[in-house]
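1. Build the 3D model from these lines:
(3 chains)
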Amino acid sequence: MKHEITLKINGETVTKEVDSRLLLVHFIREHLNLTGTHIGCDTSNCGACTILLDGKSIKSCTYLAVRAEGSEITTIEGIAEDGTNHPIQKAFHDQHALHCGFCTPGMIMRCIDFLEQNPNPTEEEIRWGISGNLCRCTGYNNIVKAVQQAADEMQNQSV
Amino acid sequence: MIPSNFSYHKAKSLQDAFALSASLGEEAKYMSGGHSLLPMMKLRFATPEHIIDISKIEGLSYIKEEDGLLKIGALTTQTEMERSKLLIDNYPIFKDASKLIADPAVRNCGTIGGNIAHGDAANDQPSLMLALRATLVVEGPNGKRTISIDDFFHGFYMTALEPQEIITEIQIPQHKKGSGSAYHKIERKVGDYATSGCAVYLEIDSNKVCTQIGIGLTNVSTIPLRLSRAEELLKGNVITEDLMKEAGKIASEDCEPSSDLRGTEAYKRSVTNTITQQMINKALSRAQN
Amino acid sequence: MFNCKTSPEVGGMGHSVKRKEDARFLHGKGNYVDDVKLPGMLSMVMVRSPYAYAKIKNINKDKALAIEGVLAVITGEDLAQFNLHWMPTLLSDQQMVLPTDTVMHQSQEVCAVIATDRYIARDGAEAVEIDYEPMQAIVDPFKALDSDAPLLRPDKEGQKDNQIYHWERGDRAKTDEVIANADVVVKERIFLPRIHVASIETCGCVASYDKDTEKLTVYLTTQAPHAIRTVVALVAGHVGLSEEKIRIIAPDIGGGFGGKVPVYPSYVVAIAATFLIGKPVKWIEDRSENLVNGFARDYHMDCELAATKDGKIQAFKVKTLADHGYTDSSANPSKYPTGMFSICTGSYDYEHAFAELDAVYTNKAPGGVAYRCSFRVTEAVHAIERMVDKLALKIGKDPAQLRMENFIKKEQFPYASPLGWSYDSGDYHATLKKAMEMIGYDDYKKLQAEKRKEGKLMGIGLCTFTEVVGAGPSKDFDILGIAMFDSAEIRVHPTGKALARFGTKSQGQGHETTYAQILAEELGIPYTNIEIEEGDTDTAPYGLGTYASRSTPTAGAAAAMAARKLRDKGKKIAAYLLEVSEEDIEWEVGKYFVKGAPEKSKTIQDVAFAAYTNIPPGMEPGFEATHYYDPPNLTFPNGAYICVVEVEEATGAIDVKRFVAIDDCGNIINPMIVEGQVHGGLTQGIAPAMYEGIEYDDEGNVLNGTFMDYLVPTSVESPHWETGHTITPSPHHPLGAKGVAESPTVGAPPAIANAIIDALSPLGIEHLDIPITPAKVWEAIQAHKK
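-> Model (predicted):
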């Protein structure tokens, strides 16, 4: 069954026709050509597909595109203007929190939601906060440091 | 990764949902958070021909105390429950459980109603509902009714819900002074289903006598299990260490775990014993504070 | 610690410069294989066998072909017409591309559906009807050699049973004699089960054949693009695919770890499909396909370690049964079917050792060398380090003390190991001492004694390992005959900036930064002015790729050598520009100056410009150099890891309290990147130690083929790693560097296993195989109570 959906993606309104069973991650990657959001598993475990939907981090592989009608979606491509960095992107770079980069967009999107809910987290809270995002390369130590740096910077910014 | 073909229908209201369900028949399934059903569809373990999305129905997401009851709307997400000050302050069992349900992004979508309605003893909320002696408010084309949690689970993925019916609210007796609750599950890693989980709610009076107790177990039986024999043992008594040990022993005897990748039956019985004792102890210290 | 010769702006060795490649990954602009979209691109989905061992009676394509959008269903019989249904493996065995009559492992590719999009292709795959006749699978490798076991490989000429090969090294008679006469002998059977690399990006390709130009381009998740190109030319040459018209592009790769070295059957099917149809064909595997596409480990090792009563090691013997699955496709150098396993004698000074191995066929997926094993060093080190701990327990000596007393001494390098390696350098005593100081070893020993009095289970585990990487010298090391050198090609532009290309391929190791740093070190050109490229076989110089920690030892060395060629040329140009003779020119990073008159100088940038504009008479213009480096030896990183755990007796729960890793990888290019590699490898070390293992039932069904049950550690399971290093440079490497990224996967599992077993030793438990889970601990405790 086909549906016409209208939604906002990185601030821009789009209208597209989608099949009932089209997964949101495929809609983003194939129909909108935003390939920064990745697919790493088929059982909703890895988090590589994490995006923000109405401000909340969700796993876009476990969400139907048609269900996203009327919502506001932010992907990795939409968190900073071209040539600039969100504090979390800067922190990941400063702290060497990425190697192959494949889990990175999903990890960053999850971190944005996490810091929004918990602006001053402990290391343990960070580790639990990103526990739905798998990384095979970094061993997580530096991702934790990056989140700590971003938390500091974002707290200072808002002061 | 790719579900088989189906048609999606968005329900704008409860009545709309009932009508859609009635007209589309047996091959139509409700979807709220979608994080139990859609993963099964992606692996093609489930192939419904129609999905009725009830997640957008207004007015079913709330957490409040009213008429001596804690009332939670069925579409309230796990994250909303995790962050609710009311629950954190007065019903700590929910915070215990939230941390252990799947992972944070999944909790942004998963609903409490869905977690219960799925009819899976591996889910966490059912054992909390047993411990808290919840009542489910259920609505259908024939109107509203309530179902006691003890009458709700019939079998693997089978519940007391009639065709078209939807859980709309979870009602729990409002907490009192002198009450305590706790939940923990043993898991192989974060995000896993329980190797064994135990939910405890209890009330003690000024003499430390236990006046009310509910104990529910996760994933060690075909349907979510109330540990009735242990409840009978502890109710009306001061809960001593010996009684806790005995309750743990009952837990290991009365649960019916299967040997699987999480461990042998013997192992599961043993850890069920351990965490039952631990949760009774934790609920007790919370009740005493 | 790092005596940097260059300034931070130049960014040579020892500087923790931030990575140059980060921007595109941070912004979601990476270019991975599944991001590749070509006009007219089709989608391919594989139909896979549900059975571990079965005859194929019939494949019915009709229902699949009837689905709108399904264009083709390719079977083994279709490929057989082009003799493409079998292909050689990297170890000269044979592997099915698609079967014509028998499937050999669960999830084996049976046929491929090509459709206009992946949703339709998946529907097509569901619609193919296949009749199988299941047979009793061989799952237990010990049963593979039973006299009544079915012959799994009748296709192999002269194959009479299920043994692939027998291998041995060392002096059996002498070793047996020493063991027989020794004061103390400890024995154990140690099993390392199958695991899977599970990089977050699965495997895939976009294969595109242009019928007009007859050129095949394949975007491929590969760690070794040139080797793949040559293999494709050899396998498919007879149908008209000629090597100069094959282009393999490894774009951004989302993690390799050895899982992206093999030529998977689906790649060949996709290439066949595009060749026949003339349109690009994309194949990307799902995770549940990925987890059964190969494996690492699967060694059953019967070990014996002999010592004097004081614990002086005298001999080591190991007999291994290696389960290879249905064909030997392990990615080892051809003369080393067991990889570097013979490093199993470890970091200790003794004379006698004997190692033998029997490799067998079973009805499981093929593979064997992956998951940062460094060509079987993970297996070798696990064996010796478990046995050393067993010895310590038997004679009642502290495991650190025992190791210190047996270590090869600093003065003994280069050291000839009992099984024939020449270890290049190391100071094992210093490395272990540093680890012990960093963790506070003596304090933990005291704490452990106190806790044991209280009946608590606390364990301290060590692993001191010698690694061997950098394959390798061409006389000994080849893959399918291609020597394992590697390459660097540097082009310095007139304006003094540079572009360099390599025969390796990073999958996250940071080559775009580290290679630039090597060149910055050698040439004095700031690393920010040096662009690094890898992965496109049309442009990159020939190399054998990145795996087994070989990039720094081989291509890194090539970079240094090529840079030195440029420096030498530059010296001549500088002499010409400064009007002195070459002997009067000296070099200081980035600058040539006249001996005794340093104010008379030319920068490397001046010299580069001159190479294009003011060339000395008789000299070839331009400022470019290439080097193919044939390493004289392997390099031998080492490390000392210490782990502290507490175990809860009632539930078996294991809490890793501390983990200290001291690595010695020689001279360090970028300390931040090295530390990051160690962190990552440690998490991929605790994974097999406590969480991961592919499980089979008696029918050969994989029981945990998704991330629900194949337990990749999250940030919660992964401890807060503490790292440090010692530095003993490699004497033969131009930069004194050794390679590092597999040391942690080698060193962590034995350290963690040793710690947990140490915790349980008061209960009488002396050995447990990894993964050591709480359930396994609990069962062991119960068994020992009886």
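2. Specify the local secondary structure of residue C:50.
-> Put simply, residue C:50 is coil when judged by DSSP: H, G, I helix; E, B strand; the rest coil.
3. Residue C:106 is in contact with that one, correct?
-> Yes - using Cβ atoms under 8 Å, residue C:50 is in contact with residue C:106, at 6.7 Å. Quick note: C-beta positions are derived from backbone N, CA and C, even for glycine.
4. More neighbours: these two, which one.
-> A count of neighbours by other Cβ atoms under 10 Å in any protein chain shown puts residue C:106 above the other of residue C:50 and residue C:106, at 24 against 14.
5. Flag every residue of the stretch 101-250 of chain C that's near chain A.
-> C:119, C:197-202 (Cβ under 8 Å from any Cβ of the partner chain).
6. Turn those residues into CSV, including pLDDT, secondary structure and distance to residue C:5.
-> Converted to CSV, those look like this (pLDDT from 0 to 100; DSSP: H, G, I helix; E, B strand; the rest coil; distance: Cβ to Cβ, whole Å):
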residue, pLDDT, secondary structure, distance to residue C:5
C:119, 98, helix, 57
C:197, 97, coil, 37
C:198, 98, coil, 40
C:199, 98, coil, 36
C:200, 98, coil, 37
C:201, 98, coil, 37
C:202, 98, coil, 42
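7. The residues you listed also near chain B: which ones?
-> For chain B, the contacts drawn from those by Cβ under 8 Å from any Cβ are residue C:119.
8. Compare the residues of the stretch 101-250 of chain C next to chain A and tell me which is most surrounded.
-> residue C:201 (30 neighbours).
9. OK, contacts around that residue?
-> When contacts are counted by Cβ atoms under 8 Å, 6 or more residues apart in numbering or on different chains, residue C:201 touches A:38, A:40, A:100, A:102, C:32-34, C:221, C:253-255.
10. ok, it to residue C:291 distance?
-> Separation of residue C:201 from residue C:291 (Cβ to Cβ, to the nearest Å) stands at 13 Å.
11. Whichever residue of the stretch 1-150 of chain C sits closest to chain B: neighbour count?
-> Proximity of the stretch 1-150 of chain C to chain B (Cβ to the nearest Cβ) peaks at residue C:122, 4.1 Å away. Counted with other Cβ under 10 Å, residues neighbouring residue C:122 total 20.
12. How is the closest residue to residue C:432 other than its chain neighbours assigned, secondary-structure-wise?
-> Excluding its sequence neighbours, the residue lying closest to residue C:432 (Cβ to Cβ, 6 or more residues apart in numbering or on different chains) is residue C:640, at 4.1 Å. At residue C:640, secondary structure determined by three-state DSSP is strand.
13. Return the set of buried residues in stretch C:595-602.
-> By neighbour count on 16 or more other Cβ atoms under 10 Å in any protein chain shown, the buried set for stretch C:595-602 is C:600-602.
14. swap that for stretch C:211-221, please
-> Quick answer for stretch C:211-221 (16+ other Cβ under 10 Å): C:215-221.
15. Give me the residues contacting stretch C:71-87.
-> C:42, C:59, C:61, C:64-65, C:94-101, C:110-116, C:124, C:128, C:155, C:235-236, C:238-239, C:263, C:265, C:268-269, C:272-273, C:276-277.
16. mind listing which of the contacts of residue C:201 are in strands?
-> Cross-referencing those against strands under DSSP state E gives no overlap.
17. Which residue, other than its chain neighbours, is closest to the residue in chain A that chain C sits nearest to?
-> Closest residue of chain A to chain C, Cβ to the nearest Cβ: residue A:36 (1.8 Å). Among residues not flanking residue A:36 along the chain, residue C:28 sits closest, at 1.8 Å (Cβ to Cβ, 6+ apart).
18. OK, contacts around that neighbour?
-> For residue C:28, counting by Cβ under 8 Å, 6+ apart, the contacting residues are A:34-37, A:75-77, A:105.
19. buried sites along the helix or strand hosting residue C:173?
-> Element membership for residue C:173 (DSSP states H and E) is helix C:172-181. For helix C:172-181, burial by neighbour count (16+ other Cβ under 10 Å) applies to C:175-176, C:178-179.
20. Show me the strands in chain B, by range?
-> B:7-10, B:28-31, B:50-53, B:63-66, B:69-73, B:135-140, B:143-148, B:153-155, B:158-159, B:166-173, B:179-186, B:196-204, B:210-218, B:225-226.
21. For chain C, which of those is the nearest?
-> strand B:179-186 (6.4 Å).
22. At the contact with chain A, which residues of chain B appear?
-> Counting by Cβ under 8 Å from any Cβ, chain B sits next to chain A at B:1-8, B:10, B:34-35, B:38-39, B:42-43, B:51, B:53, B:55, B:79, B:83, B:99, B:102-106, B:108-109, B:190-191.
23. Name the nearest residue to residue 44, sequence neighbours excluded.
-> You didn't say which chain, so I picked chain A. Ranked by Cβ to Cβ, 6+ apart and with sequence neighbours excluded, the top spatial neighbour of residue A:44 is residue A:62, at 4.5 Å.
24. wait, chain B
-> residue B:4 is the one closest to residue B:44 (Cβ to Cβ, 6+ apart), at 5.8 Å.
25. wait, doesn't the one you found sit right on residue C:120?
-> No - counting by Cβ under 8 Å, residue B:4 sits too far from residue C:120 to count as a contact (11.8 Å).
26. Please report the distance of the residue nearest to residue B:44 from residue C:122.
-> Residue B:4 is 9 Å from residue C:122, by Cβ to Cβ.
27. Also residue C:91?
-> 34 Å.
28. Contacts only, for whatever residue of chain A ends up closest to chain B.
-> Taking Cβ to the nearest Cβ as the measure, the point where chain A comes nearest chain B is residue A:132, at 2.7 Å. By Cβ under 8 Å, 6+ apart, the residues touching residue A:132 are A:45, A:47, A:50, A:59, A:110, B:102-106, B:191, C:714.
29. re earlier: name the helix or strand for the residue nearest to residue A:36, please.
-> Using DSSP H and E, residue C:28 falls outside every helix and strand.
30. quick one, phi psi at it?
-> Residue C:28 adopts backbone torsions of phi 70, psi 30, taken as degrees, to the nearest 10.
31. Also residue A:79?
-> The phi/psi pair for residue A:79 (degrees, to the nearest 10) reads phi -90, psi -10.
32. who are the neighbours in contact with it?
-> A:86, A:88-89, A:108-109, A:112 are the contacts of residue A:79 under Cβ under 8 Å, 6+ apart.
33. Narrow those to those that are buried.
-> A:86, A:88-89, A:108-109, A:112.
34. ok, the closest residue to chain A within chain B - how many residues close by?
-> The minimum distance from chain B to chain A, using Cβ to the nearest Cβ, falls at residue B:103 (2.7 Å). Residues lying near residue B:103 (other Cβ under 10 Å) number 25.
35. Report the secondary structure element holding the residue nearest to it when sequence neighbours are not counted.
-> Leaving aside its sequence neighbours, residue B:103 sits nearest to residue A:132 (Cβ to Cβ, 6+ apart; 2.7 Å). Using DSSP H and E, residue A:132 maps to neither a helix nor a strand.
36. Do you have the helices of the chain handy? List them.
-> Since you didn't name a chain, this refers to chain A. Along chain A, counting by DSSP state H, helices occupy A:24-26, A:87-94, A:104-117, A:123-129, A:141-158.
37. nope, chain B please
-> Under DSSP H, chain B gives helices at B:14-24, B:37-42, B:78-83, B:85-90, B:92-100, B:104-109, B:112-117, B:125-132, B:228-234, B:241-254, B:265-288.
38. that older thread, of the contacts of residue A:132, which is the most crowded?
-> For these, neighbours tallied by other Cβ under 10 Å; top is residue A:50, 33 neighbours.
39. Quick one: distance of stretch C:411-430 to the chain centre.
-> Stretch C:411-430 sits 23 Å away from the centroid of its parent chain (Cα atoms, centre = their mean, to the nearest Å).
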